[in-house]
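K.L.:
Just to be clear, the model below is a prediction. Sequence and coordinates:
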Amino acid sequence: MPLVDVEVLDIQRMSSGDHELDRVLGGGVVPGGVVLLGGEPGIGKSTLMLQAVLNMAAASPRVLYVGGEESPEQVRMRAERLGHVPPNLFILAETNVQEILKELEKNRPTAVVIDSVQTLYLPEIESAPGSVSQIRESASALTRFAKQHHVPLFFIGHITKEGSLAGPKVLEHMVDVVLQFEGERHHAYRMLRAIKNRFGTTAELGLYEMQGTGLQAVDHPSDALLGQKSGEDGLSGTAISAAVEGVRPMLVEVQALVSTAVYGTPQRSGTGFDLRRLNMLLAVLEKRCGFKLASKDVFLNMAGGLRIQDPALDLAVVAAILSSALDVPLPWGTVFAGEVGLTGEIRPVPRLTQRISEASRMGMKRLFHSAHARNVKAPEGSSLELIPVQQVSDLHGRLF
């Protein structure tokens, strides 16, 4: 039929009870939608999903949690720690897909969680659970059920050493939403980002803090990620960046340490920052500013343990390295937002107005940005000073 004759229906989403998860999904759980959640071992994938089904079971007639990796007793112990366990939440300890489908046909739950897709198997396929063919066929059979009966389905998946989802790439094509749960296990903060979303944008980001009672949503990331007032303690090597992850502006503290190389080969280390990008910025500083960093050890760290990919971090990284190399602390209230090019020029970054508003809300005093940015102004009534810079050498001259 002609495309214009196709009737558009409003999707009635159901809430997962977690406003951070709902926002990343695009506004809630879609009936018949299939979601794949991946992340490092121990990062909190099962905890996040168990919290979601506990909330959904409180408002739904029947929710099913299929545990292939943990016994029902283990799941119950974790659920007790997370809060009240509603009577509408059912658990099935099974990895045989045929048996799981029988239970689904008989009970018709309103939502299903499979933990994890790598443990599933079909008896007619000879390969072991976790193999490419088992994952593909098992996921396909369960996805068909979800689509036919309009039941939302969540798969929890493992990831490889490189950080990509384990199993065949076709698994990501089969599902509607691919979520990545990331963060450092030794830090409290976790980020939930959408890599693929057929029902909404992939620009949203969820931020959680791991506590003893489970994962708690972080509504104001800047308050959580900003450490003590950088510069007031008189220590060099710290700078604040106005970053944007997805559509959320947040102020992040960047820490750098430049020291004389103890061994013959200088070390370059970046926690939460791309090491190749760090090497590029060090080469720009050496070529355009004349800083002799080739014989120095350089260590970089993102406070909070988060991995942020915003190019606007470049300017704060350069400022932190310069501060540490000169051993001069930056004045508190100074924020940076700009991308550094190979020629040493400071390039404009998107969503600068949001970054400025967030810096103003947090009481910052100065914001360095690219001189090429247009229509830049501070919010009304704000005391934030906007300082345009064109080159890395200009930044060095203005700061020191």
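P.N.:
Nice, I can see it. Nothing here was measured: the structure is a model prediction, and the numbers come from that model.
K.L.:
Do you have the strands of the stretch 101-250 of the chain handy? List them.
P.N.:
Residue ranges of the strands in the stretch 101-250 of the chain, as given by DSSP state E, counting those that start in this stretch, are 111-115, 153-157, 177-182, 189-197, 205-211, 214-217, 238-245, 248-260.
K.L.:
Figure out which of those is closest to residue 100.
P.N.:
For those, distance to residue 100 was read as C-beta to C-beta. The smallest value, 7.8 Å, belongs to strand 111-115. For glycine as for every other residue, the C-beta is placed from the backbone atoms N, C-alpha and C.
K.L.:
Alpha carbons of that closest one, in PDB - could you do that?
P.N.:
C-alpha atoms of strand 111-115 as PDB (Å, rounded to 0.1, in the frame of the first residue of the first chain):
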ATOM      1  CA  ALA A 111       7.300  -8.500  30.900                       C
ATOM      2  CA  VAL A 112      10.200 -11.000  30.700                       C
ATOM      3  CA  VAL A 113      13.900 -10.700  31.700                       C
ATOM      4  CA  ILE A 114      16.400 -13.300  30.500                       C
ATOM      5  CA  ASP A 115      19.700 -13.500  32.500                       C
END
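K.L.:
tell me what it is packed against?
P.N.:
For strand 111-115, the elements it packs on are helix 45-57, strand 63-67, helix 132-149, strand 153-157, judged by 3 or more C-beta pairs under 8 Å, 6 or more residues apart in numbering; DSSP states H and E.
K.L.:
winner for burial among those?
P.N.:
Per residue and on average, the most neighbours among the helices and strands packed on strand 111-115 fall to strand 153-157, with a mean of 27 (mean count of other C-beta atoms under 10 Å).
K.L.:
quick one: contacts of it?
P.N.:
Counting by C-beta atoms under 8 Å, 6 or more residues apart in numbering, strand 153-157 makes contact with 33-38, 45-46, 49, 52, 111-118, 139, 142-143, 145-146, 165-167, 171, 175, all of which sit outside it.
K.L.:
mind listing what's buried in the helix or strand of the chain with the lowest mean pLDDT?
P.N.:
For the chain, counting by mean pLDDT, DSSP states H and E, helix 221-225 ranks last in confidence among helices and strands (a mean of 81). Buried residues in helix 221-225, counting neighbours by 16 or more other C-beta atoms under 10 Å, are found at 221, 222, 224, 225.
K.L.:
Pipe these into CSV and attach distance to residue 351 per row.
P.N.:
What follows is those, written out as CSV (distance: C-beta to C-beta, whole Å):
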residue, distance to residue 351
221, 15
222, 15
224, 20
225, 17
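K.L.:
Determine which two of the residues you listed are furthest apart.
P.N.:
Of all pairs drawn from the buried residues of helix 221-225, the greatest distance, 7.4 Å, lies between 222 and 224 (C-beta to C-beta).
K.L.:
Where does pLDDT dip in this protein?
P.N.:
Scanning the chain for pLDDT under 70 picks out the ranges 227-233.
K.L.:
Can you name every helix or strand that the least confident helix or strand of the chain contacts?
P.N.:
Right, helix 221-225 is packed against strand 205-211, strand 248-260 by 3+ C-beta pairs under 8 Å, 6+ apart.
K.L.:
quick one on the thing from earlier: of all the strands of the stretch 101-250 of the chain, which lies closest to residue 326?
P.N.:
Set against residue 326 and scored by C-beta to C-beta, those come closest in strand 248-260, at 8.9 Å.
K.L.:
Could I get the buried residue list for the closest one?
P.N.:
With burial defined by 16+ other C-beta under 10 Å, the residues of strand 248-260 counted as buried are 248, 249, 250, 251, 252, 253, 254, 255, 256, 257, 258.
K.L.:
Report the beta-bridge partners for the first one.
P.N.:
In this structure, residue 248 bridges to residue 245 when assessed by DSSP bridges.
K.L.:
ok, it to residue 208 distance?
P.N.:
13 Å (C-beta to C-beta, to the nearest Å).
K.L.:
tell me which of the buried residues of helix 221-225 is nearest to residue 242?
P.N.:
Checking the buried residues of helix 221-225 one by one against residue 242 (C-beta to C-beta), the nearest turns out to be residue 222, at 9.0 Å.
K.L.:
re earlier: the helices and strands packed on strand 111-115: which one's closest to residue 355?
P.N.:
Each of the helices and strands packed on strand 111-115 has some distance to residue 355 by C-beta to C-beta; the shortest is helix 45-57, at 28.5 Å.
K.L.:
what residues does that closest one touch?
P.N.:
The contact list for helix 45-57 (C-beta under 8 Å, 6+ apart) reads 14-18, 21, 29, 37-39, 63, 65, 69-70, 75, 78-79, 82-86, 88-89, 110-111, 113, 115, 154, 156, 181, 192, 208, 210, 214-215.
K.L.:
what angle sits between it and strand 189-197?
P.N.:
Regarding helix 45-57 and strand 189-197, their directions subtend 70 degrees when assessed with axes from the mean of the first three to the mean of the last three C-alpha atoms, to 10 degrees.
K.L.:
got the domain boundaries for this structure?
P.N.:
In terms of domains, the chain is parsed into 3-219, 224-399 (source: automatic domain parsing).
K.L.:
Distance from the longest one to the middle of the chain?
P.N.:
Distance of domain 3-219 from its chain centroid, counting by C-alpha atoms, centre = their mean, to the nearest Å, is 17 Å.
K.L.:
Over to stretch 256-267?
P.N.:
On the basis of C-alpha atoms, centre = their mean, stretch 256-267 is displaced by 31 Å from the centre of the chain it belongs to.
K.L.:
that older thread, include distance to residue 366 when you put the buried residues of strand 248-260 into a markdown table, please.
P.N.:
As requested, these are exported to a markdown table (distance: C-beta to C-beta, whole Å):
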| residue | distance to residue 366 |
| --- | --- |
| 248 | 22 |
| 249 | 17 |
| 250 | 18 |
| 251 | 13 |
| 252 | 17 |
| 253 | 16 |
| 254 | 16 |
| 255 | 19 |
| 256 | 19 |
| 257 | 24 |
| 258 | 23 |
